[in-house]
Every structure is written in structure tokens, then in C-alpha cells.
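Student: Build me a model from this:
(one chain, ligands or ions: 1)
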Amino acid sequence: MYAVTLTESELRQIDTVTSSLAAKFDSVNDPVFLRDSTVYAHELPDRLRAELNTFRHEESGGVLSIRGHVIDDTRIGPTPKHWRSQTGRAATLPTEIYFVLCAALLGDVVGWSTQQDGRIMHDILPIKGHENEQLGSGSKELLTWHTEEAFHPLRADYLGLACLRNPDSVATTFASVDDLDLSEDLRDLLGKKRYPIRPDRSHLPQNRGETQHLSAREEALLTRSYEWITNLDSHPEHVSILFGDPAAPYLRIDPYFMEEAYADTESAAAMTGIVDAVDRAIREHILEPGEVLFLDNYKIVHGRVPFTARFDGTDRWLKRLSVARDLRKSRDRRMSHTARVIY
Ligand SMILES: [Fe+2]
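Tutor: Below is the predicted model:
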């Protein structure tokens, strides 16, 4: 992990940018804000822009931590009971703006029609009733390490996490493909398209949110998405776990949704081999309030340790962003060339 700590003067510079944008926009979902976020990002401190640019181009490490941004714990208000609770202008808007501007230097932020009602900015908080789920809103269960949206051909290039509060020091877990000790034979086997992968639960119709606000076309696209996902769930695509340059491969894996990959002896040996290698390499990192973490979703798997949720407004609360390097790849699954929601 590479860590950057912002200086007082850099924080003042960021505050000037975020304050003026918070006066101009009510939400980071504003299409004009999203379109121009790349331009506004040029007002971030030089060093921060350089670090994000290096992170994007060098592909070394795969995890970038940016610390120093101050969260006013009182001002952001209690941790919501549900990600759907947030309506109107968010008390967390300045932090969200700062987070989007950082992300804009890595690519374009995107959302999923089948996740959190198509929101771009996700809330990660424990939800009552989800305690034992393999979801970002779970708590009691270990959130097994995974590639974000591993099943999806348009999965994010980068995953961003911004910590608002983490009073019980709940650890985020991660491991890099670069740190895995894998034999040549195992690498070859993992490079073959023979591992069935099913969609994670957050994208399935049972977690479908409100749809009253959708247009007829959006509703039709959403229905098509759910059909596609439901079909993938019953007929999982066979993917390779390692891909790209065999000498410095990328990784795509979510073992919790890959049980069928253990069906034959050879695949089972490959799965066991990589799962053990990741388990050996996995590290814990406790996010602190104000910290922004970017994970390279082609190189890093991540998860979360179990914790006991409080459900009293003081729970761990993160914001999450998905960043695409090339928005055009998803053009046939977005409403317009500027739309950010993938159907
Ligand atoms: Fe995740």
C-alpha cells in the first residue's frame, strides 16, 4: 500500500475547491458536476494529482491511501439506517465532492442500475437484517475477499472507499495479485477460461430497489439487466482467473460465488491453490475517518472482517465509488453517451 498524507496547505487548497463546488451543486450525482469533475480535479493540489496519476499509470502496489481530509463527526450526522435513507442535500457533500475529484483523475465514476438504485455514490453501512449477508451492508459475517463485481465484464477498473467513521476499527482486508506465490503450472491453469462465476447477491432482483422514478426506457433496460443477471446466475459464465500479461497478470475472482469451479479435480486444485495463496497474502487495513483508499480492481481483492453492528447511528460508514477507465466500453448499456449508470 502506498500512503499519502496531505499537508495543512494542501488541505486548505482542497477545502477552497470543495466549498465552492458545494455552493454550486446539491449532489455529486448532478450530471454537470460529473461531466466537469475532471476539469475541477485540476484544482486539487499538484502532489495529489501526481500521486493519482502515478497510481493509474504505474500499476505498482495497487492500493493508494490518501489521508488528512478532516471529517466533522457531528456535522455529517448519524450513520443512516439504510443507503436509501439519504434524500436531498447530503451533509457529507464536501467529502463526496473531494472523493469524486480524486476519482476523476483515475477515470470516470460509474454506477449500476442493479445496485443501490443506480446511485453513483454508494453508502457502505451495516443494515439491520443483512447481518449475515455477503454484502457491503452485512456485518457479523466475514465479507470474503473478492474482486468487485468479479462476474461482470464491465466491472470497475478502480474501487474507491472513503471513510466517514469507523469507531470500532473494523479492518478492510486486501491482497495484490503481485504478492501471490503461484507455480508456473498453477498460473497456466488459472489462465484458462474454465471457472464458472455467478453474480454476487447485491445485483440480484431480490435486492432490487425503488423503480418508480424510472422512465419507461430505463425500466425496460433494468428488466433486461435483471434477465441477463438471473440467466448468468443459473448459467454462470466460465472465466479465467488470471488474464492479461502472463508475466504480470491481472486477477478476477470471487470464490464465494464460484462453488461450481470446484466440480472437476484440476479446477478444484487450481481454486484451492489460488485461494490458499491469497489467504497467505491477505492483509488488514483499518480505515480512519477522512481517509480515501483506491484499489486497483484488476490487481487487488478486498474484503472486510466481521463486526458487531451498533445500529444506533454511530456505525462504521464508508462511501464507495466505482471508476471506469474507458466509459465507451459500456456505451450499449448506458442511456446516453454521458450517462454514468450501467444497465
Ligand atoms: Fe466489495
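
Student: Would you enumerate the residues in contact with the most centrally placed residue in the chain?
Tutor: The centre of the chain sits closest to Leu159, judged by CA atoms, centre = their mean, with a distance of 3.5 Å. By CB atoms under 8 Å, 6 or more residues apart in numbering, Leu159 lies in contact with Glu148, Phe294, Leu295, Asn297, His302, Arg320, Leu321, Ser322, Val323. Any C-beta I mention is one placed from the backbone N, CA and C, and that applies to glycine too.

Student: Could you check how far it is from Val110?
Tutor: 11 Å (CB to CB, to the nearest Å).

Student: who touches both of these two?
Tutor: Joint contacts of Leu159 and Val110 (CB under 8 Å, 6+ apart) are Ser322, Val323.

Student: Next, Val70: secondary structure please.
Tutor: Secondary structure, DSSP: H, G, I helix; E, B strand; the rest coil: Val70 is coil.

Student: Kindly state the pLDDT recorded for it?
Tutor: Per-residue pLDDT puts Val70 at 97.

Student: Just confirm Ser202 is within a helix.
Tutor: Yes: when three-state DSSP is applied, Ser202 is found to be in a helix.

Student: What about it, how many residues nearby?
Tutor: Applying other CB atoms under 10 Å, we find 18 residues neighbouring Ser202.

Student: Spell out, range by range, the strands that occur in the stretch 51-200 of the chain.
Tutor: 63-67, 108-112, 122-124, 143-146, 158-165, 171-176, 195-197 (DSSP state E, counting those that start in this stretch).

Student: in its sheet, what does the third one sit against?
Tutor: Right, strand 122-124. Strand pairing for strand 122-124, using DSSP bridges, gives strand 317-324 (antiparallel).

Student: Quick check: which helices or strands does the helix or strand just after the partner strand pack against?
Tutor: Sequence order places strand 341-342 as the next helix or strand after strand 317-324, per DSSP states H and E. On a contact count with 3 or more CB pairs under 8 Å, 6 or more residues apart in numbering; DSSP states H and E, strand 341-342 meets strand 108-112.

Student: residues near the residue nearest to Arg49 when sequence neighbours are not counted, how many?
Tutor: Using CB to CB, 6 or more residues apart in numbering and skipping residues adjacent in sequence, the residue nearest Arg49 is Leu105, 5.9 Å away. Burial of Leu105 is recorded as 21 neighbouring residues (other CB under 10 Å).

Student: And Leu105, how far from Ala162?
Tutor: Distance from Leu105 to Ala162, by CB to CB: 15 Å.

Student: Tell me what angle the helix ranked longest in the chain forms with strand 108-112.
Tutor: Ranked by residue count and defined by DSSP state H, the top helix of the chain is helix 216-234. Here helix 216-234 points in a direction 80 degrees away from that of strand 108-112 (axes from the mean of the first three to the mean of the last three CA atoms, to 10 degrees).

Student: quick one: contacts of helix 216-234?
Tutor: 113-114, 151, 198-199, 203-205, 208, 211, 214, 333, 335, 343.
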